[in-house]
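Chemist: Let's see this in three dimensions:
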Amino acid sequence: MPNPSAFFDIQPQLATPIYRQVVEQVQRLVAGGQLGPGDELPSVRAVAERHAINPMTVSKAYSLLEAEGLLERRRGVGMVVAAGVQPAGASADRMALLAPALANAARQAAQLGITPAAALAAFERALQGIPEEKNP
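Modeler: Now for the predicted structure:
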């Protein structure tokens with residue numbers, strides 16, 4: 001399991017609610033194969049303390065993921081990726097999860113008057129700044 005302090009990238013300043021950020025990040029980690037069946041997630045308390053957010057926010061996200069069948073609650077362990085959950089096989093499936101973030105970034109670039117070429121260059125620089133294990 002990744003270090004709980006580095007597990008989620010919570011950004012309170014975004015318009016996306018925090019619980020939704022957690023849900024979407026878990027979905028992407030599973031789709032990308034970084035989390036597999038039986039992998040433990042950090043506890044509600046650990047996530048809440050690390051990011052200074054309400055534990056109920058984290059609990060809501062985990063409950064939604066459990067209802068979706070992506071996570072299961074294990075007594076004495078906490079939340080784990082559900083058995084039988086497979087990473088998104090096709091690159092198109094993973095790209096579909098990335099599309100909303102790219103569309104949002106494209107809108108912001110247009111609003112800021114940034115050219116497509118400059119936005120692509122900025123995206124490439126951002127990708128180069130991500131450690132290799134997080135960028136398969």
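Chemist: switch to C-alpha atoms for all contacts and neighbour counts from now on
Modeler: OK.
Chemist: now the helices for the chain?
Modeler: 4-7, 18-31, 44-51, 55-67, 91-111, 116-128 (DSSP state H).
Chemist: buried set for the third one?
Modeler: Going by neighbour count (16 or more other Cα atoms under 10 Å), the buried part of helix 44-51 is 44, 47-48.
Chemist: From residue 119, how far out is residue 12?
Modeler: To residue 119, residue 12 is 24 Å away according to Cα to Cα, to the nearest Å.
Chemist: Kindly report the same for residue 96.
Modeler: For residue 96, the distance to residue 119 - Cα to Cα - is 20 Å.
Chemist: Quick check on those two: which one has the bigger neighbour count.
Modeler: residue 119 (17 against 10; other Cα atoms under 10 Å).
Chemist: ok, now which ones touch the residue nearest to the more buried one when sequence neighbours are not counted?
Modeler: Residue nearest to residue 119 in three dimensions, not counting chain neighbours: residue 109, with 6.6 Å by Cα to Cα, 6 or more residues apart in numbering. Taking Cα atoms under 8 Å, 6 or more residues apart in numbering as the criterion, residue 109 is in contact with 115-116, 119.
Chemist: out of these, which one sits closest to residue 78?
Modeler: residue 119 (40.7 Å; Cα to Cα).
Chemist: any idea how far residue 112 is from the closest one?
Modeler: 10 Å.
Chemist: Check residue 52 too.
Modeler: 31 Å.
Chemist: Could you pull up the residues touching the most centrally placed residue in the chain?
Modeler: In the chain, the residue lying closest to the centroid (Cα atoms, centre = their mean) is residue 25, at 1.2 Å. Residues near residue 25 by Cα under 8 Å, 6+ apart: residue 8.
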